[in-house]
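*Asks:* sharing a sequence plus its predicted fold:
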Amino acid sequence: MPLADCSGRNRHPVEVEIPILPELQTIIDASPTGDLTYLVSEKGSPFSIGGFGNKFRAWCDEAGLPPHCTAHGLRKAGATRAAENGATENQLMAIFGWKTIQEAERYTKAARRKKMAGDAMGLLRRDKS
């Protein structure tokens, strides 16, 4: 089931259509949702950008998570995981709604650098021939 979402913080929205992972679908099916909105405020309306960030922070505080845990951090973690699992720049752009390749390259370059460092460490061994 595709999910239509807008990113770009209302400046220049980008509509993205991404499949919902089975784990998320299970949670959605077990949760009350709004009309075409998966996360709604206590009033039953969609969150504003600032409102969602504030509520996410409150949920993190309630769960006892450290201050660096944020909604934006969760998005960054998703991009990092996808890049480390081999996602291309264009795939990251499709998932996260980025319009330019520079943002996606940040994640894929870091993932390649991490992999190359891991591969190269064995080359530092004295007995390497």
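*Replies:* In hand now; what should we look at?
*Asks:* from here on, just use CA atoms for contacts and neighbour counts.
*Replies:* Will do.
*Asks:* wait, Gly53 sits on Thr70?
*Replies:* Yes - using CA atoms under 8 Å as the test, Gly53 is close enough to Thr70 to be in contact (7.4 Å).
*Asks:* quick one: low-confidence ranges for this protein?
*Replies:* Low-confidence regions of the chain, defined by pLDDT under 70, span residues 1-11, 33-37, 128-129.
*Asks:* tell me the centre residue of it?
*Replies:* Centrality entry for the chain: nearest residue to the mean C-alpha point is Arg75, 2.7 Å, by CA atoms, centre = their mean.
*Asks:* from Ala82, how far off is it?
*Replies:* Using CA to CA, to the nearest Å, we find Arg75 at a distance of 11 Å from Ala82.
*Asks:* contact partners of whichever strand or helix holds Arg75?
*Replies:* Taking DSSP states H and E as the criterion, Arg75 maps to helix 71-84. Residues lying outside helix 71-84 but in contact with it, judged by CA atoms under 8 Å, 6 or more residues apart in numbering, are 53, 56-57, 92, 96, 107-108, 111-112.
*Asks:* so which bits of stretch 50-66 are buried?
*Replies:* 52, 56-57, 60 (16 or more other CA atoms under 10 Å).
*Asks:* ok, and the closest non-adjacent residue to Leu92?
*Replies:* Distances taken as CA to CA, 6 or more residues apart in numbering place Ala104 nearest to Leu92, at 5.9 Å, with adjacent residues excluded.
*Asks:* what's the strand or helix carrying the one you found in contact with?
*Replies:* When elements are defined using DSSP H and E, Ala104 is found to belong to helix 101-121. Outside of helix 101-121, the residues within contact range by CA under 8 Å, 6+ apart are 79-80, 83-84, 87-90, 92-93, 98.
*Asks:* what's the answer for stretch 122-129, then?
*Replies:* Residues from elsewhere that reach stretch 122-129 (CA under 8 Å, 6+ apart): none.
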